[in-house]
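**Q** no sequence on this one, just coordinates:
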Ligand SMILES: NC(=O)C1=CN([C@@H]2O[C@H](COP(=O)(O)OP(=O)(O)OC[C@H]3O[C@@H](n4cnc5c(N)ncnc54)[C@H](OP(=O)(O)O)[C@@H]3O)[C@@H](O)[C@H]2O)C=CC1
Ligand SMILES: C[C@H]1O[C@H](OP(=O)(O)OP(=O)(O)OC[C@H]2O[C@@H](n3cnc4c(=O)[nH]c(N)nc43)[C@H](O)[C@@H]2O)[C@@H](O)[C@@H](O)C1=O
C-alpha cells in the first residue's frame, strides 16, 4: 500500500476505528479520511455513494456498526440487524461502484455456531445453529461476509473479511447496560470501590469462557491484512487463549483494586459457553497478538480513569 493512498476509516470514533486510525498514522499513511455519524449516516445509501464518488478512496476499513454486549443484542435485535445490514450494503456497494482497490469488512466470532467445536476454525461458518442472544447481529455479519464474497466473484473486487474475537481497549463503550463484559466490569468495580459498595453484580454464572483481544492488536492485524491478504475467505483474529468470566472478573478486580465480593446473577444470560478462535491462518499470514491481557486491562483502566471517571467526577462537582 502506497503511503499516499486515500483511506476511509468508517467508525473512527469507536473502539476499533480509532485504533485503526492510530495504527495507520503510525505506519505513515498520510491521507486518512473520516466522518462522524452526524456528518454522514452510513445507513443512507445515496449519501454514502455520493461521498465515495467525491472522495475516490483507494482503501476502506469498515469499522462502523451497531455494536453492544449480550443484553443490548438480546433486547434490540431489530436495531442490530437493520443498522448493520444498511451500513454494510451502503459502504460495500459504494466501494464497488467507485472502484475501491480493497475493503476490509469486520465480522465477529459470534458468526460461528453456538456449539461448534473449539477452537473455532474459519470453515465452521454456517455449520450449525447460532447463539440466540445475538442471532440478528450474527446474521447481519454473515450477510456482510457473503456480500463481499459475492461481489469478489461477480464483479472482481478485493473485499476481505476479518473475524475478531471479543475486544477491549481505549474508547470502548463503558455503559454498564449496553457494553461488553470487560468495560462493564471495569466501570462497575471502579464505582463500587469509590462508593464503598460491598459487592458487584456479575451477570450469568461466571462459567462461560471468552477470549479477549486488545483493539490496538486488532488494528495492527487489520492493517497487516490490508497489506498482505487478497482472498475473500474469512480470517480469524484473536490471541488463541481464553478464560472464564469469573477469572476475568478476578483480573479486573485486581487491576482496579476493589476488595468487595463478586455476586453472580444467574437471571442474566450466559450466552455462548465458549468462543475461542483458531488463529493459525493469521499466524501463517505472519501476524500474532502482542498485548497480554493483564497489561491490556491495566492500560484500559488507566484510560478509563483519565477519560470517563475524571469527566463524571467533574460533572458531579459542577452540578
Ligand atoms: N467490540 C467488540 O468486542 C467487537 C467488535 N467487532 C466489530 O468491530 C467493528 C467495530 O466495533 P467497535 O469499535 O467495538 O464499535 P463502537 O460502537 O465502539 O464503534 C462503532 C462506530 O460506528 C459508528 N457508527 C455506528 N452507526 C453508524 C451510522 N449509522 N453512521 C455512521 N457511523 C456509525 C459509530 O459512530 P458514533 O461514534 O457516532 O456513534 C462508532 O464510531 C464492528 O463491525 C463490530 O461488529 C467484532 C468483534 C468484537
Ligand atoms: C463480541 C460479542 O459480544 C456479545 O457476546 P458476548 O461474548 O456474550 O458478550 P458480552 O461481553 O456482553 O458477555 C460475555 C459474558 O460476560 C458475562 N457478563 C458478566 N457480567 C457482565 C456485564 O456486566 N456486562 C456484560 N455485557 N456481560 C457480562 C455475560 O453474561 C456473558 O456470559 C455479542 O452479543 C456480540 O456483540 C459479539 O460479537
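**A** Great, that's in hand. This is a predicted model, so every value here is computed, not measured. Numbers count the residues shown, from 1 in each chain. Ligands and ions are numbered 1, 2, ... in the order given.
**Q** could you list every residue that touches residue 110?
**A** 130, 131, 134, 137, 138, 141, 272, 275 (Cβ atoms under 8 Å, 6 or more residues apart in numbering). To be clear about C-beta, it is placed using only N, CA and C from the backbone, and glycine gets the same treatment.
**Q** Out of these, which is nearest to residue 7?
**A** residue 141 (22.4 Å; Cβ to Cβ).
**Q** Excluding chain neighbours, what is closest to the closest one?
**A** residue 107 (4.4 Å; Cβ to Cβ, 6 or more residues apart in numbering).
**Q** Tell me who's in contact with the one you found.
**A** Neighbours of residue 107 in contact, by Cβ under 8 Å, 6+ apart: 141, 142, 144, 145, 161, 162, 163, 164, 234.
**Q** Most widely separated two among those residues?
**A** 142 and 164 (14.9 Å).
**Q** any idea how far ligand 1 is from the closest residue to ligand 2 within the chain?
**A** Residue nearest to ligand 2 within the chain (Cβ to the nearest ligand atom): residue 69, separated by 2.9 Å. For residue 69, the distance to ligand 1 equals 8 Å [Cβ to the nearest ligand atom, to the nearest Å].
**Q** So what's the gap between the host helix or strand of residue 17 and the chain middle?
**A** Here residue 17, judged by DSSP states H and E, is contained in helix 15-26. Centroid separation for helix 15-26 versus its chain: 13 Å, with Cα atoms, centre = their mean, to the nearest Å.
**Q** for stretch 199-219, same thing?
**A** Worked out by Cα atoms, centre = their mean, stretch 199-219 lies 13 Å from the chain centre.
**Q** what does stretch 2-15 give?
**A** 16 Å.
**Q** gap between the one residue in the chain that gets nearest to ligand 1 and residue 92?
**A** Ranked by Cβ to the nearest ligand atom, the top residue of the chain for proximity to ligand 1 is residue 14, at 2.0 Å. Distance, residue 14 to residue 92, using Cβ to Cβ, to the nearest Å: 18 Å.
**Q** Looking only at neighbour counts, state which of the two leads.
**A** The neighbour count for residue 14 versus residue 92, taken as other Cβ atoms under 10 Å, is higher for residue 92 (23 against 19).
**Q** ok, now which ones touch that one?
**A** 62, 103, 105, 144, 147, 148, 151, 159.
**Q** And the furthest pair within those?
**A** Every pair of the contacts of residue 92 checked by Cβ to Cβ; the farthest is 62 and 151, at 12.9 Å.
**Q** And the two? Which one has more around it.
**A** residue 62 (26 against 19).
**Q** Verify the contact between the more buried one and residue 90 for me.
**A** No. Using Cβ atoms under 8 Å, residue 62 makes no contact with residue 90, being 10.0 Å away.
**Q** So which of the contacts of residue 92 belong to strands?
**A** Mapping the contacts of residue 92 onto strands (DSSP state E) picks out 62, 103, 105, 159.
**Q** Could I get the contacting residues of the first one?
**A** Under the criterion of Cβ under 8 Å, 6+ apart, the contact partners of residue 62 comprise 10, 11, 87, 88, 91, 92, 103, 104, 105, 106.
**Q** 10 Å instead, please
**A** Applying Cβ atoms under 10 Å, 6 or more residues apart in numbering to residue 62 gives the contacts 8-11, 16-17, 42, 87-88, 91-92, 95, 103-106, 144, 148, 159, 161-162.
**Q** show me where the stretch 51-200 of the chain has strands.
**A** Taking DSSP state E, counting those that start in this stretch to define them, one finds strands in the stretch 51-200 of the chain at 59-62, 102-106, 159-164, 166-168, 199-203.
**Q** So is the longest one next to ligand 2?
**A** It stands for strand 159-164. No. Judged by Cβ under 6 Å from any ligand atom, strand 159-164 stays clear of ligand 2, getting no closer than 8.0 Å.
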